[in-house]
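*Asks:* Can you look at this prediction? I've put the sequence above it.
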Amino acid sequence: MTPEEYNEAVDSWADDVYRFALSCCRDGDRSNDAVQEAFAKLWEMRESIEKSRCKGFLIMVVQNKLKDTFRHDRVVSENHEKISHQHEDRATPIETIDLRDALEKAMARLTEQQRTIITLHDLEGYQYEEIATMMKMNYSQVQVTAFRARVRMKKTLLNWGIV
C-alpha cells in the first residue's frame with residue numbers, strides 16, 4: 001500500500017470505522033482511541049496489507065482494542081469490588097430505563113462476537129458475507145451467531161418487561 005492509498009483509506013473509512021467503534025462502546029474517547037490505533041497499525045503494516053482488505057483490517061483492530069479495554073475495565077472493577085467488599089444490585093428497575101437504554105444494556109449482555117456481528121449487520125448495514133470475511137468466520141456461523149444474539153436480547157428484554 002502506498003502512502004497515497006493509505007491517505008485514501010483514511011478519507012474513505014475513518015467515519016465508518018469510528019461509527020462502528022462508537023456503536024460498540026458508546027464512548028467517544030474510547031472510540032477515537034481505538035480508531036487512531038487502528039489507523040496507526042494500518043500504517044505500520046501498510047507493506048503487507050492489500051488495499052481491498054483495509055476496511056476489514058481496521059474493523060478487526062478496533063474490535064480487538066475495544067475487547068482489551070473492556071477486559072481491563074472488568075478486571076479493575078472486579079478488583080475494586082473485592083477490595084471494597086461492596087456488591088451492587090445490578091438489576092435495572094424498568095422505570096429508570098427507556099427503550100434505547102434497554103437495548104444498549106441488552107447488547108452489553110451479549111458476547112463480544114455476538115455484539116460485533118449485530119453491530120456490523122443491524123447498525124452498520126454490512127452483509128453477512130462481508131462480516132464473515134472481516135471476522136474470519138464462515139457465512140453460516142455468522143448467521144447462527146446473529147440469530148442467537150437476537151434470541152438472547154429478546155429474552156433479556158422480555159425479562160425486563162420491555163417487549
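*Replies:* Arrived safely. Every value quoted in this text rests on a predicted model; they were computed, and no experiment measured them.
*Asks:* In this protein, which residue is most central in space?
*Replies:* Centroid-nearest residue in the chain, with CA atoms, centre = their mean: residue 24, separated by 3.5 Å.
*Asks:* what's that residue sitting at in phi/psi?
*Replies:* phi -80, psi -40 (degrees, to the nearest 10).
*Asks:* Against residue 66, how distant is it?
*Replies:* Residue 24 is 5 Å from residue 66, where distance means CB to CB, to the nearest Å. C-beta here means a position set from N, CA and C on the backbone, and glycine is covered the same way.
*Asks:* got it, and residue 132?
*Replies:* Between residue 132 and residue 66 the computed distance is 20 Å (CB to CB).
*Asks:* again with residue 46
*Replies:* 23 Å.
*Asks:* Neighbour count: those two, which is higher?
*Replies:* residue 66 (22 against 16; other CB atoms under 10 Å).
*Asks:* I figured residue 54 hits residue 42, correct?
*Replies:* Yes: shown here, residue 54 and residue 42 form a contact pair, counting by CB atoms under 8 Å, at 6.4 Å.
*Asks:* Can you report phi and psi for the closest residue to residue 3 other than its chain neighbours?
*Replies:* Excluding the flanking residues, the one nearest residue 3 by CB to CB, 6 or more residues apart in numbering is residue 46, at 7.9 Å. Dihedral angles of residue 46 (phi, psi; degrees, to the nearest 10) stand at phi -60, psi -30.
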